[in-house]
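A.B. asks: After the sequence you'll find the predicted model.
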2 protein chains.
Amino acid sequence: MPQRQPKWRRKPGERPRQILRAALEVFGETGVASARLDEIADRAGVSKGTIYLYFANKEELFRQAIRHALAPVQATQDPPAAGSPTRQLLDTISRQWVFLTSPDTITVSRLVQAEQWQFPELAELYATEVVSRFGEELRPIIRRGIDVGDFRDLDPSVAARMLTALAIQSALWRETGVPSSLARKNSEEVLRELTGFYLQAIASSNNASPQADGAL
Amino acid sequence: MPQRQPKWRRKPGERPRQILRAALEVFGETGVASARLDEIADRAGVSKGTIYLYFANKEELFRQAIRHALAPVQATQDPPAAGSPTRQLLDTISRQWVFLTSPDTITVSRLVQAEQWQFPELAELYATEVVSRFGEELRPIIRRGIDVGDFRDLDPSVAARMLTALAIQSALWRETGVPSSLARKNSEEVLRELTGFYLQAIASSNNASPQADGAL
DNA sequence: TATTACTGACTGACTGGTCAGTTATTACGA
DNA sequence: TCGTAATAACTGACCAGTCAGTCAGTAATA
């Protein structure tokens, strides 16, 4: 006689994670206002009431979901890459690209943009944890590249911001396959176009073609 | 004895415009789902019922509001600017920048991103009417610049897409003052940084510094 | 048996959409 | 030129559906 399975199990340790994951999914598909808590509960495999054991309300759940999704980038402390500035830059961009193109990050980027008036503190969090952090990684590399003469003389802050803007927008566009010129391209191709363009863009004239090829 | 003012006036010709304008405003502030039709009606100076005389439902109102806001760009037929490729490019970017940084366009850019799953046809419209159209203006100029030797040898399509991505993201970031490095900068400064960076980025080595200064 | 985790039916506030009724405007006859 | 009938434009109270949030009760676990 088979032992009767319990209808549900107590997993107080895992619940928050399960719920946050489902929440990000649903919020990402419909936006905050249209997201239904019953749907989130379903996907998390719990009942609606359980959500309220761990989160105060829908808004707070959203906040936590975003923060949770941004945790990975907060965790990374970049091992200062070795090699030439070009090499370092390439590695750094590549690492940032992996983060930016992950489904969760795409969702967060879109949601934060969309809800910036309802949740300005999340826009700020995103700016700090993603944009600023990326800048902090990029600037010293660019500066060194200028000193060494590999890159032309430009403002490292501006150059870093340009790259980040370019990377984020590329990542967002690639997801939708819109504009159509991106539809067929996979993530690696887009990254290659991006790095190809950017390295040329900042290369000094006496170093007009830093070899980016074969780098990935 | 003062003649009694009518409580309201019949303005069937203006109503749609009034409503669309109010709708874009409210949609932009709260997103589609949270926007209340009573609020839109208030700001348009009409009652809720009137909205339904001109639009089938909320979704359709949203669609029309976006299309309406994109009409200006559809109307412009660019007079093929005179001068060197650098000059032409500068003029074109400048014109596109004005469009991108207008409050309505900012709102549209944000809304289209946010609602791309609910309204994929609007994402496509935006891609066609903004991104593709910009590309069509930029590509021939870039191509000529390459032929003439002012710009280095790169793929005009990629170069155009990079510029558009950069411009859109810069416009969106500037609005919020986030990242904080953009908070104090006004539109003109951001445009100058953008063009400065980009012209350098695509300049050929034997033309390393096309004079962008004093251009605006 | 006590405690903790969880369920899901329920409630009440909210809002998209409707439509019977009202007001402005126009057309027309005297 | 004035009343008045006809029409088009508009209003706003109402209804029906939805969903965030509650909580009395139940199931799992210690």
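C.D. replies: Right, received. Where do you want to start?
A.B. asks: Check the gap between A:K185 and A:S170 for me.
C.D. replies: Distance of A:K185 to A:S170, computed by Cβ to Cβ, to the nearest Å: 10 Å. C-beta here means a position set from N, CA and C on the backbone, and glycine is covered the same way.
A.B. asks: Compare neighbour counts for those two and give me the winner.
C.D. replies: Neighbour tally, A:K185 and A:S170, criterion other Cβ atoms under 10 Å in any protein chain shown: the higher count belongs to A:S170, 25 against 16.
A.B. asks: what helix or strand is that one on?
C.D. replies: helix A:156-176 (DSSP states H and E).
A.B. asks: if I pick the closest residue to A:D104 other than its chain neighbours, what's in contact with it?
C.D. replies: Nearest residue to A:D104, sequence neighbours excluded (Cβ to Cβ, 6 or more residues apart in numbering or on different chains): A:A69, at 4.6 Å. Shown in contact with A:A69 (Cβ atoms under 8 Å, 6 or more residues apart in numbering or on different chains): A:20, A:24, A:104-105, A:107-108.
A.B. asks: Over to A:S47?
C.D. replies: A:A41.
A.B. asks: Look up phi and psi at it.
C.D. replies: phi -100, psi 170 (degrees, to the nearest 10).
A.B. asks: A:F119 too?
C.D. replies: phi -130, psi 70.
A.B. asks: which SS state does the closest residue to it other than its chain neighbours fall under?
C.D. replies: Excluding the flanking residues, the one nearest A:F119 by Cβ to Cβ, 6+ apart is A:R63, at 6.8 Å. Reduced to three states with DSSP: H, G, I helix; E, B strand; the rest coil, the structure at A:R63 is helix.
A.B. asks: if I read this right, A:R63 contacts A:A123, doesn't it?
C.D. replies: No. Between A:R63 and A:A123 there is no contact under Cβ atoms under 8 Å: 11.9 Å.
A.B. asks: Phi and psi next, for the residue of chain A found nearest DNA strand D.
C.D. replies: Relative to DNA strand D, the nearest point of chain A is A:P6 (2.9 Å; Cβ to the nearest atom of the strand). Backbone torsions of A:P6, given as degrees, to the nearest 10, read phi -70, psi 150.
A.B. asks: and it, how many neighbours?
C.D. replies: There are 7 residues near A:P6, going by other Cβ under 10 Å.
A.B. asks: how close does A:Q96 get to A:Y198?
C.D. replies: Counting by Cβ to Cβ, the gap from A:Q96 to A:Y198 is 12 Å.
A.B. asks: Those two: which has the busier surroundings?
C.D. replies: The neighbour count for A:Q96 versus A:Y198, taken as other Cβ under 10 Å, is higher for A:Q96 (24 against 21).
A.B. asks: who touches that one in this structure?
C.D. replies: A:134, A:137, A:164, A:167.
A.B. asks: can you check A:A171 too?
C.D. replies: A:A171 sits in contact with A:97, A:100-101, A:105-106, A:109, A:190, where contact means Cβ under 8 Å, 6+ apart.
A.B. asks: can you check A:E115 too?
C.D. replies: Shown in contact with A:E115 (Cβ under 8 Å, 6+ apart): A:31-32, A:62, A:122, B:31, B:114.
A.B. asks: A:N57 too?
C.D. replies: No contacts exist for A:N57 under Cβ under 8 Å, 6+ apart.
A.B. asks: Quick check: phi and psi on it?
C.D. replies: The phi and psi values for A:N57, taken as degrees, to the nearest 10, are phi -170, psi -180.
A.B. asks: and it, what pLDDT?
C.D. replies: A:N57 is assigned a predicted lDDT (pLDDT) of 98.
A.B. asks: ok, now how distant is the closest residue to DNA strand C within chain A from A:V178?
C.D. replies: Nearest residue of chain A to DNA strand C: A:G49, at 1.9 Å (Cβ to the nearest atom of the strand). A:G49 sits 40 Å away from A:V178, taking Cβ to Cβ as the criterion.
A.B. asks: Comparing the two, which residue is more hemmed in?
C.D. replies: More crowded of A:G49 and A:V178, by other Cβ under 10 Å: A:V178, with 22 against 9.
A.B. asks: Next one, pLDDT for the closest residue to that one other than its chain neighbours please.
C.D. replies: Leaving aside its chain neighbours, A:V178 sits nearest to B:A127 (4.2 Å; criterion: Cβ to Cβ, 6+ apart). Looking at B:A127, its pLDDT reads 95.
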